[in-house]
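*Asks:* with the input below, show me the fold.
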Amino acid sequence: MDINSAAWLTRKNAFLEVNDAPLVAPTAHQIVIKNGAVAINPVEWCKQLMGNLMFSWIKYPFILGNDCAGEIVQIGDAVSRFKIGDRVLAHALGMDPTVNNSAEGAFQRFTIIRDNMASLIPERMSYEEACVLPLAVSTAACALFQQDYLALEKPNIDNLGTLTAPPKYQEFVLVWGGSTSVGCNAIQLATAAGYKVIATSSPKNFKYLHDLGANKTFDYASETVIHDIIESIGTKRVAGAIAIGNGSTEACIQILSKTNGSKFIAQISFPFPGKIPQTKLGVLRAMAAILWSNITIFFKSKLTGTKTKFVFGSSLANNEVGAMIYHDFLPRALEEEKYVPAPKAVVSGQGLAQIQPAMMRHMEGVSASKIVVSL
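*Replies:* Predicted coordinates:
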């Protein structure tokens with residue numbers, strides 16, 4: 001293998017610095033990927049911005065990053081699903097508290113990956129297209145299929161690509177924030193599992209979400225959106241909700257408290273200020289706002305009989321959902337072109353040195369797209 005290098009977070013609140021990184025051999029159930037592209041998620045720049053107030057277990061210097069795609073260059077002794085030369089997408093687990101290992105971070109040339117967190121990709125699919133998926137797919141899958149969340153039926157590839165066919169189950173999954181990375185994949189996975197999907201977004205993304213499988217779409221900014229969704233559901237049952245974005249959990253609480261079925265809300269994101277704080281005082285104020293929001297949500301859920309639980313998107317690596325998605329479902333769904341790499345990749349430069357500018361670009365906001373860096 002070549003010499004490894006990485007975009008290091010050397011200390012709290014610092015910009016990433018490109019420097020050499022060790023090459024680590026895989027253990028029995030690991031593979032090594034030579035990354036062709038990586039994608040940016042809010043969790044990475046939030047960690048950089050908030051320092052030790054977020055993911056306090058991480059010690060500096062550290063290699064961030066969750067999403068990658070590339071070529072397998074080394075495999076562990078017990079790996080049977082893959083061979084050297086395979087093209088894969090992968091969820092890098094380095095930032096997970098049970099892993100906490102820079103060798104498993106995505107923002108480097110060579111990344112160690114658990115073999116149950118990687119999926120083969122078709123030859124026609126670029127690494128840039130593929131790398132938008134891992135963290136978003138993992139998070140959506142945790143929310144939809146884990147027993148301590150919505151616990152839906154397993155996804156079935158045959159339920160995809162047949163928009164004219166009726167869903168297997170006459171229950172709605174509510175996805176508030178459908179045009180986000182997690183939202184785009186939650187729509188597809190819930191559809192694959194045979195459920196109807198109600199999603200919110202801005203009107204410009206309605207068609208995109210419909211093409212992904214959403215049965216009904218609503219403008220999240222409409223003053224009547226909560227009433228409209230409740231009216232649309234009527235006497236039908238809800239299988240649960242996924243809340244993404246500011247105000248999403250509160251909105252889902254109102255809807256589920258007045259509809260039939262599940263009262264469970266999988267909470268994906270925490271509230272974040274519209275303007276990114278640039279000072280320590282600003283960061284502390286943002287953290288205080290998050291704390292106050294969590295307190296408010298706790299009491300609202302108690303008063304309405306709903307339940308909320310935050311999703312940690314890497315938890316499926318430790319249960320049956322990881323293999324269900326990355327082994328049983330995703331490779332075939334991608335090969336048969338029944339699953340869309342969503343949201344759309346927007347390439348923001350090439351090389352490890354471009355990851356920091358890409359993170360700053362992501363801070364400015366994205367809609368139905370994901371910032372990607374080619375390597």
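*Asks:* now do stretch 345-360: distance to the chain's middle.
*Replies:* On the basis of C-alpha atoms, centre = their mean, to the nearest Å, the separation between the geometric centre of stretch 345-360 and that of its chain is 18 Å.
*Asks:* quote the end-to-end distance of that stretch.
*Replies:* 16 Å (C-alpha to C-alpha, to the nearest Å).
*Asks:* now that stretch: mean pLDDT?
*Replies:* Per-region confidence: stretch 345-360 scores 97 on mean pLDDT.
*Asks:* buried ones in that stretch?
*Replies:* Along stretch 345-360, the positions that meet the burial threshold by neighbour count (16 or more other C-beta atoms under 10 Å) are Ala345, Val346, Ser348, Gly349, Leu352, Gln354, Ile355, Gln356, Ala358, Met359, Met360. All C-beta spots, glycine's among them, are computed from the backbone N, C-alpha and C.
*Asks:* quick one: contacts for the residue nearest to the second one when sequence neighbours are not counted?
*Replies:* I take that to be Val346. Nearest residue to Val346, sequence neighbours excluded (C-beta to C-beta, 6 or more residues apart in numbering): Ser369, at 4.8 Å. The contact partners of Ser369, taken as C-beta atoms under 8 Å, 6 or more residues apart in numbering, are Pro343, Lys344, Ala345, Val346.
*Asks:* hmm, back to that, tell me which of the buried residues of stretch 345-360 is nearest to Cys184?
*Replies:* Sorting the buried residues of stretch 345-360 by how near they are to Cys184, with C-beta to C-beta, puts Ala345 at the top with 11.9 Å.
*Asks:* where's the closest one relative to Val366, distance?
*Replies:* Between Ala345 and Val366 the computed distance is 11 Å (C-beta to C-beta, to the nearest Å).
*Asks:* do Ala358 as well
*Replies:* Computed as C-beta to C-beta, the Ala358 to Val366 distance reads 11 Å.
*Asks:* Arg332 now?
*Replies:* Between Arg332 and Val366 the distance, using C-beta to C-beta, works out to 29 Å.
*Asks:* neighbour count: those two, which is higher?
*Replies:* Here Arg332 and Val366 are compared on neighbour count by other C-beta atoms under 10 Å; more neighbours surround Val366, at 18 against 14.
*Asks:* tell me the phi and psi of Lys300?
*Replies:* Lys300 adopts backbone torsions of phi -60, psi -40, taken as degrees, to the nearest 10.
*Asks:* spatially, which residue comes closest to it, not counting chain neighbours?
*Replies:* Setting aside the residues directly before and after it, Lys300 is nearest to Ile253 in space (C-beta to C-beta, 6+ apart), at 5.3 Å.
*Asks:* please apply the same query to Thr249.
*Replies:* For Thr249, the nearest residue in space outside its immediate sequence neighbours is Ala243; the separation is 4.2 Å by C-beta to C-beta, 6+ apart.
*Asks:* over to Cys68?
*Replies:* Counting by C-beta to C-beta, 6+ apart, Ala106 is the residue found nearest to Cys68 once chain neighbours are left out, at 4.1 Å.
*Asks:* so what's the predicted local confidence for the one you found?
*Replies:* The predicted structure lists Ala106 with a pLDDT of 98.
*Asks:* one more: Pro277?
*Replies:* At Pro277, the pLDDT value in this model is 62.
*Asks:* out of the contacts of Ser369, which is nearest to Leu49?
*Replies:* Set against Leu49, the nearest of those by C-beta to C-beta is Val346 (21.1 Å).
*Asks:* on the three-state scheme, that closest one is what?
*Replies:* State at Val346, reduced to three classes by DSSP: H, G, I helix; E, B strand; the rest coil: strand.
*Asks:* I figured Ser348 hits Pro357, correct?
*Replies:* Yes. Applying C-beta atoms under 8 Å, one finds Ser348 in contact with Pro357, separated by 6.8 Å.
*Asks:* can you give me the helices for the chain?
*Replies:* Remark: helices of the chain, listed N- to C-terminal, are 42-50, 127-130, 134-145, 181-192, 206-212, 225-233, 248-256, 280-304, 320-323, 330-335, 355-363; assignment by DSSP state H.
*Asks:* counting by contacts, list what the fifth one packs against.
*Replies:* Using 3 or more C-beta pairs under 8 Å, 6 or more residues apart in numbering; DSSP states H and E, the elements in contact with helix 206-212 are helix 181-192, strand 216-219.
*Asks:* buried ones in stretch 360-369, by neighbour count?
*Replies:* When burial is assessed from 16+ other C-beta under 10 Å, stretch 360-369 yields the following buried residues: Met360, Arg361, His362, Met363, Val366, Ala368, Ser369.
*Asks:* what about it, start to end distance?
*Replies:* With C-alpha to C-alpha applied, stretch 360-369 spans 15 Å between its terminal residues.
*Asks:* could you do stretch 76-85 as well?
*Replies:* Start and end residues of stretch 76-85 are separated by 14 Å (C-alpha to C-alpha).
*Asks:* residue contacts, the residue nearest to the spatial centre of the chain?
*Replies:* The centre of the chain sits closest to Ala136, judged by C-alpha atoms, centre = their mean, with a distance of 2.0 Å. Applying C-beta under 8 Å, 6+ apart to Ala136 gives the contacts Ser181, Val182, Cys184, Asn185, Lys370.
*Asks:* if you rank these by neighbours, which is first?
*Replies:* Using other C-beta under 10 Å as the contact criterion, the top neighbour count among the contacts of Ala136 goes to Cys184, which has 34 neighbours.
*Asks:* quick check: chain neighbours aside, which residue is closest to that residue?
*Replies:* Cys184's closest residue in space is Ala342 (C-beta to C-beta, 6+ apart), at 3.8 Å.
*Asks:* and the one you found, how far from Ile72?
*Replies:* Taking C-beta to C-beta as the criterion, Ala342 is separated from Ile72 by 24 Å.
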